[in-house]
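Visitor: Next input, structure requested:
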Amino acid sequence: MLAVATECDFEIQRGPDWLLVRLKNIEPSQTDSPPLTERLWALLEQHFTYRLVLELDEVPLLSSALVEQLFLLYHRIKEKDGVMRLCGLSPYNRRVLHACRLDERLHPYRDRQEAVLGRPRQPR
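Guide: Residues are numbered from 1 along each chain as shown. Sure thing, here's the model as predicted:
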């Protein structure tokens, strides 16, 4: 695990063509200093990829500031012809994303496997 600033930790794994990042110990009010967008962008550049799966299962609340940071990062990655996918959102946080009308662009997946594949797994 790599600690980034004092507000948030990132658990980082590298998969084939993807950077998998789990946000840990994040407080909804602590996304601005330094901006989460900048910290995640630096990680992408450091790993030479613009394909990100962001695991948000340990994020208690998608605040408006956090949603804004995710949306800015999404656009920045898209400009590089990259892909950003979210997974692990709680039912409440899925509703927040839907209320912001961002669930079409930042489609929430259940887990990292679904996010990497880009589609829900079918039950057997």
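Visitor: what about stretch 11-21, start to end distance?
Guide: End-to-end distance of stretch 11-21 (C-alpha to C-alpha, to the nearest Å): 6 Å.
Visitor: For that stretch, buried residues please.
Guide: Buried positions in stretch 11-21, judged by neighbour count with 16 or more other C-beta atoms under 10 Å: 18, 19, 20, 21. For every residue, glycine as well, the C-beta is placed using N, CA and C.
Visitor: now stretch 72-90
Guide: For stretch 72-90, a neighbour-count test (16+ other C-beta under 10 Å) marks 72-74, 76-77, 83-90 as buried.
Visitor: contacts for that stretch?
Guide: 22, 36-37, 40-41, 44, 49-59, 62, 70, 97, 105-112, 114-116, 118 (C-beta atoms under 8 Å, 6 or more residues apart in numbering).
Visitor: Name the next helix or strand following the helix ranked longest in the chain along the chain.
Guide: When the chain is parsed with DSSP state H, its longest helix is helix 64-79. Once the chain leaves helix 64-79, the next helix or strand it forms, by DSSP states H and E, is strand 83-87.
Visitor: Off-centre distance for stretch 80-96?
Guide: With C-alpha atoms, centre = their mean, to the nearest Å as the basis, stretch 80-96 stands 6 Å off its chain's centre.
Visitor: Pull it out as CSV, backbone CA atoms only.
Guide: Extracted in CSV, the C-alpha atoms of stretch 80-96 (Å, rounded to 0.1, in the frame of the first residue of the first chain):
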residue,chain,number,x,y,z
LYS,A,80,-5.8,10.7,-23.5
ASP,A,81,-8.1,8.1,-25.0
GLY,A,82,-8.0,6.2,-21.7
VAL,A,83,-10.7,4.5,-19.7
MET,A,84,-11.8,5.1,-16.1
ARG,A,85,-14.2,2.7,-14.4
LEU,A,86,-15.6,2.7,-10.8
CYS,A,87,-16.5,-0.3,-8.7
GLY,A,88,-17.5,-1.2,-5.2
LEU,A,89,-19.9,1.6,-4.7
SER,A,90,-22.4,1.2,-1.9
PRO,A,91,-26.1,1.3,-2.9
TYR,A,92,-26.3,4.8,-1.4
ASN,A,93,-23.3,6.0,-3.3
ARG,A,94,-24.7,4.5,-6.5
ARG,A,95,-27.8,6.6,-5.9
VAL,A,96,-25.7,9.7,-5.4
